[in-house]
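**Q** With the input below, show me the fold.
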Amino acid sequence: MTIINWGLLGPDKLESERRTRTLGLAVAVRAFNDLAVPNLGGVKFSKNVFLACLGIHVAEKVRLEGKQVSNIQVANAIEALGCILSFEKNNWQSDERLRGNSKLAGAKDLSYKVVGANNYYVTQPMRMATVQLLPGLGLVESQGERFNSYSLNDNGLKLVIAGCADFKCHNSSIVNFLVKWVLGNHRSPRVSGLIKALAPIYSLAADAKAILKDRLVSGNDESALRRRNALTWVSNINTNPCINWRKPSELTDLHFKDIKSGAYFFILRDSVMMLLDAIETAVANEKSGSLDLRKGTPLDLQNALTRVKSAATSFVNLSHDPTPDKLALSFARECLQSQDELIILSVVERDNLVLKVRDKAVIKGSAFGGEQQEANDAGETESLFPKGVSFRFWNLYLLNIDFDGQLDMWLNKKEKADE
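**A** Below is the predicted model:
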């Protein structure tokens, strides 16, 4: 069974290991998140940005030595190495800053040949969260958002230098050691300096954080203005929570309207996901394996349908849709069709993965999982931010805590609260 807890933490794509439902809304989702905190991507920890830049820098140097490697191969290997070194330090305890607790368990050979092999590390490394941020904040040069096409510029190089400045490995600089590591050197990376430089459980050097923060707030365009204002807002959110949609003084009117519209859209999207889970459960409970809507709408779906229609009405009543071609508004109107049967058919056709439509019946799709538990859509920080607000504000909130050197303390408090 799958419990989906989206709320504030909902990512650009709602996904599990076995299925991804985008509902054809990826463009709208991206638009709302970019309007909320432009160019932040999925980043919430400064060390991840440093490791991605370090990976690019090392890959460039290795290629100059004549070995053909891609940015992705090297960055993934360095990130995997950092996670292994972290797990060895914390006795393989799960940590929000790490990936691969199970997949990397028992790692002994830390040579690049092993750690850099395809499928050695997780399928979604933390590097992926930096793809938009790196060019967006001017840390790399690129013709697009393909990590393999990135080349580090002066800003990115300054970040790498500052992040490595305090550390050595076998009397060599961190960068030189890693270049030799990729080229096949077998000297052990289990050295204090390298561990502190790479391991995400250790804070990025303050000078490197200052460089990243400067890139985040620099500029005079609309995107930079929104990032600055957003950072100021999250900096004050603990003492002045915003849970009732009263406009914060830190944000412009248009920025706030875009944020509110996005939140209402995300609430609608999440309610549709819950409806799809309810439909999946109904199909699972049908002996025929299909739900024939010509027989009427099952009573078990009524609560979920009511939530969808209520959320759609709230979005439409805002009269503000900044997405391309009014994609969000079109989606909301689909959810307000005159007959429940038409709403169900519409959202299932958008799914077309877990569930499919055949004539007037809903049938199992390739990723069908069976009966679903009712999702809990309570956002983790609704005591600070309005319900449904872009997950990027939560990430920026954490990044700001990181900038202030308070991340370890915050994570320890959170861990105790979760126990």
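
**Q** gap between stretch 49-63 and the chain center?
**A** In this view, stretch 49-63 has its centroid 22 Å away from the chain centroid, taken as Cα atoms, centre = their mean, to the nearest Å.

**Q** Sorry, wrong one. I was asking about stretch 46-61.
**A** Relative to its chain's centre, stretch 46-61 lies at 19 Å (Cα atoms, centre = their mean).

**Q** same check, this time on stretch 248-266
**A** Centroid separation between stretch 248-266 and its chain, computed with Cα atoms, centre = their mean, is 20 Å.

**Q** List of residues touching it?
**A** Applying Cβ atoms under 8 Å, 6 or more residues apart in numbering, the external contacts of stretch 248-266 come out as 6, 10, 28-29, 32-33, 35-36, 225-226, 229-230, 232-233, 236, 240, 242, 245, 247, 311, 314-315, 318, 320-323, 328, 331-332, 386-390, 393. C-beta coordinates here come from the backbone N, C-alpha and C atoms, glycine included.

**Q** Now the buried members of those residues.
**A** Buried members of these, counted by 16 or more other Cβ atoms under 10 Å: 6, 10, 28-29, 32-33, 35-36, 226, 229-230, 232-233, 242, 311, 315, 318, 321, 323, 328, 331-332, 386-390, 393.

**Q** what about Glu172, how many neighbours?
**A** One correction, residue 172 is Ser, not Glu. 17 (other Cβ atoms under 10 Å).

**Q** Apart from its chain neighbours, what residue comes closest to it?
**A** Of all residues not flanking Ser172 in the chain, Lys180 sits nearest, at 7.5 Å (Cβ to Cβ, 6 or more residues apart in numbering).

**Q** Ala230 now?
**A** Spatial nearest neighbour of Ala230, chain neighbours left out: Val37 (5.0 Å); criterion: Cβ to Cβ, 6+ apart.

**Q** hmm, back to that, would you mind measuring from the residue nearest to Ser172 to Glu79?
**A** Lys180 is 18 Å from Glu79, where distance means Cβ to Cβ, to the nearest Å.

**Q** Looking at the two, which is more packed in?
**A** A count of neighbours by other Cβ under 10 Å puts Glu79 above the other of Lys180 and Glu79, at 27 against 19.

**Q** which ones are touching that one?
**A** 51-52, 55, 99, 121, 125-127.

**Q** do Ser218 as well
**A** By Cβ under 8 Å, 6+ apart, the residues touching Ser218 are 138, 224.

**Q** before we move on, what about Ala75?
**A** With contacts defined as Cβ under 8 Å, 6+ apart, the neighbours of Ala75 are 51-52, 54-56, 59, 125, 127, 147.

**Q** chain center to the helix or strand hosting the residue nearest to Ser172, what's the gap?
**A** Using DSSP states H and E, Lys180 sits in helix 174-183. Between the centre of helix 174-183 and the centre of its chain there are 29 Å (Cα atoms, centre = their mean).

**Q** Keeping just the C-alphas, turn it into PDB.
**A** The C-alpha coordinates for helix 174-183 follow below in PDB (Å, rounded to 0.1, in the frame of the first residue of the first chain):
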ATOM      1  CA  ILE A 174      41.000  17.700  -2.400                       C
ATOM      2  CA  VAL A 175      40.600  18.400  -6.100                       C
ATOM      3  CA  ASN A 176      44.000  16.800  -7.000                       C
ATOM      4  CA  PHE A 177      43.300  13.800  -4.900                       C
ATOM      5  CA  LEU A 178      39.900  13.200  -6.500                       C
ATOM      6  CA  VAL A 179      41.400  13.700 -10.000                       C
ATOM      7  CA  LYS A 180      43.900  11.000  -9.300                       C
ATOM      8  CA  TRP A 181      41.100   8.900  -7.700                       C
ATOM      9  CA  VAL A 182      39.100   9.000 -10.900                       C
ATOM     10  CA  LEU A 183      42.200   8.200 -13.000                       C
END
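
**Q** Give the buried residues for the helix or strand that comes right after it.
**A** The helix or strand immediately downstream of helix 174-183 is helix 192-198, counting by DSSP H and E. Neighbour-count burial for helix 192-198, counted by 16+ other Cβ under 10 Å, picks out 193-198.

**Q** For those residues, give me TSV that also has pLDDT and distance to Gly136.
**A** Below are the buried residues of helix 192-198 laid out as TSV (pLDDT from 0 to 100; distance: Cβ to Cβ, whole Å):
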residue	pLDDT	distance to Gly136
Gly193	97	31
Leu194	97	29
Ile195	97	30
Lys196	97	28
Ala197	98	25
Leu198	98	24
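
**Q** Can you redo those residues as TSV, where the extra columns are distance to Met274?
**A** Compiled in TSV, those are given as follows (distance: Cβ to Cβ, whole Å):
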residue	distance to Met274
Gly193	49
Leu194	46
Ile195	43
Lys196	44
Ala197	44
Leu198	40
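
**Q** and of those residues, the nearest to Phe45?
**A** Nearest to Phe45, judged by Cβ to Cβ, of those is Leu198 at 13.4 Å.

**Q** is it true that that closest one touches Ala77?
**A** No: between Leu198 and Ala77 there is no contact, the gap being 10.8 Å when judged by Cβ atoms under 8 Å.

**Q** How confident was the prediction at Gly388?
**A** As predicted, Gly388 sits at a pLDDT of 94.

**Q** tell me the secondary structure for it?
**A** Here Gly388 is recorded as coil under DSSP: H, G, I helix; E, B strand; the rest coil.

**Q** pretty sure it is touching Ile267, no?
**A** Yes: Gly388 is within contact range of Ile267, at 4.1 Å (criterion: Cβ under 8 Å).

**Q** re earlier: which residues sit against the helix holding Lys180?
**A** Under Cβ under 8 Å, 6+ apart, the answer for helix 174-183 is 54, 57-59, 61-62, 65, 67, 69, 74, 77-78, 111-112, 116, 160, 164, 167-170, 172, 185, 187, 189, 193-194, 197-198.
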